[in-house]
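In: Next come a sequence and a model predicted from it.
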Amino acid sequence: MLTEILRFAFLGMLVLLVPRIIRLLLKHSSSQSAADTVTVAGIVLIIFAIVAVVIVVDDDKQLTTSIGVLGTIAGYLFGTVGRYS
């Protein structure tokens, strides 16, 4: 029980820190756009959501469904970036 709480605490800290680090890196980039920021933040949050789902879910059917929905969102993000860039 305690190890799961520690895992979620660590995951929560990463969810808060990684987008900020990426934002700082993009801020110092010469050719940044709003689409870049949204895409990076979305992909990072999807990766963390997939890790959280894998930790929490007990059944294979729930895991397949959750990963499918997150994959759809990631595909949408990559598709819109390719269309507007």
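Out: Great, that's in hand. Numbers count the residues shown, from 1 in each chain.
In: Please identify the buried residues of the strand or helix carrying Ala49?
Out: Element membership for Ala49 (DSSP states H and E) is helix 34-56. Using 16 or more other Cβ atoms under 10 Å as the test for burial, helix 34-56 gives 39-46, 48-50, 52-53. C-beta: built from backbone N, CA, C; applies to glycine.
In: With adjacent residues omitted, what lies nearest to Val26?
Out: Residue 26: Leu, not Val. Leaving aside its chain neighbours, Leu26 sits nearest to Gln32 (4.9 Å; criterion: Cβ to Cβ, 6 or more residues apart in numbering).
In: what secondary structure does that neighbour sit in?
Out: Under DSSP: H, G, I helix; E, B strand; the rest coil, Gln32 falls in the coil class.
In: these two touch, right, it and Arg23?
Out: No: with contacts counted by Cβ atoms under 8 Å, Gln32 stays clear of Arg23, the gap being 9.7 Å.
In: Which residue is the nearest non-sequential neighbour of Ala74?
Out: Ala74 sits nearest to Ile46 (Cβ to Cβ, 6+ apart), 5.0 Å away.
In: pLDDT score assigned to that neighbour?
Out: Here, the pLDDT recorded for Ile46 equals 81.
In: next one: Leu77
Out: 77.
In: Make sure it is actually in contact with Leu45.
Out: No: using Cβ under 8 Å as the test, Leu77 is too far from Leu45 to be in contact (10.0 Å).
In: Can you name the residues that contact the residue nearest to the spatial centre of the chain?
Out: Centroid-nearest residue in the chain, with Cα atoms, centre = their mean: Leu45, separated by 2.0 Å. Leu45 makes contacts with Val15, Pro19, as judged by Cβ atoms under 8 Å, 6 or more residues apart in numbering.
In: Next, find the distance separating Lys61 from Ile47.
Out: Separation of Lys61 from Ile47 (Cβ to Cβ, to the nearest Å) stands at 22 Å.
In: repeat for Gly75
Out: Counting by Cβ to Cβ, the gap from Gly75 to Ile47 is 14 Å.
In: Right, I'll leave it there.
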